[in-house]
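1. Below is the structure, and that's it, no one-letter string:
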């Protein structure tokens, strides 16, 4: 992490200085008079794990599950997948939307949860943070996961119902 900034002469001892940000020197006890520029960049789906090291070039690691990194470079972290999105693999460029009838209500998830049709819940869209239910006067047909009005002579006063009365 240091280099010789003033070489030894007949009247002075050599002086060492720390490498500047963005530079490093891997050789300890060296008489090297300069530091190397950091040139390694992380590819998409990864991030820098040692940004402040003065003894080595950047080291990259794959983004963990629940995160992604779309750009290459020297990012210090990966972006968390937002609600309604997930990532079940490491080292990914983008988060995946939850499929229809599934959801994630929290960020940084490695998978989605299923909407419980038996409880009157469904989700007709992808990438959603919660399930929805049919409104009053309607029921959820669990086999098709669609809402339908109660037939004449029947009713339903509650949301998230699967039968009419």
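-> Cool, the structure landed. Bear in mind that the values here come from a model prediction, so they are computed numbers and not experimental data.
2. how far away is residue 127 from residue 143?
-> Separation of residue 127 from residue 143 (CB to CB, to the nearest Å) stands at 24 Å. Bear in mind the C-beta positions are built from the backbone N, C-alpha and C, glycine included.
3. meant to ask about residue 41
-> Taking CB to CB, one finds residue 41 at 51 Å from residue 143.
4. Which one's more surrounded, these two?
-> residue 41 (15 against 7; other CB atoms under 10 Å).
5. now the more buried one, nearest residue through space, not along the chain?
-> Spatially, and ignoring its direct neighbours in sequence, residue 41 is nearest to residue 73 (5.3 Å; CB to CB, 6 or more residues apart in numbering).
6. What of residue 65?
-> Residue 65's closest residue in space is residue 110 (CB to CB, 6+ apart), at 4.0 Å.
7. distance of the one you found from residue 165?
-> Distance of residue 110 to residue 165, given as CB to CB: 41 Å.
8. Compare those two and say which is more crowded by neighbours.
-> More neighbours surround residue 110 than the other of residue 110 and residue 165, with 15 against 10 (other CB under 10 Å).
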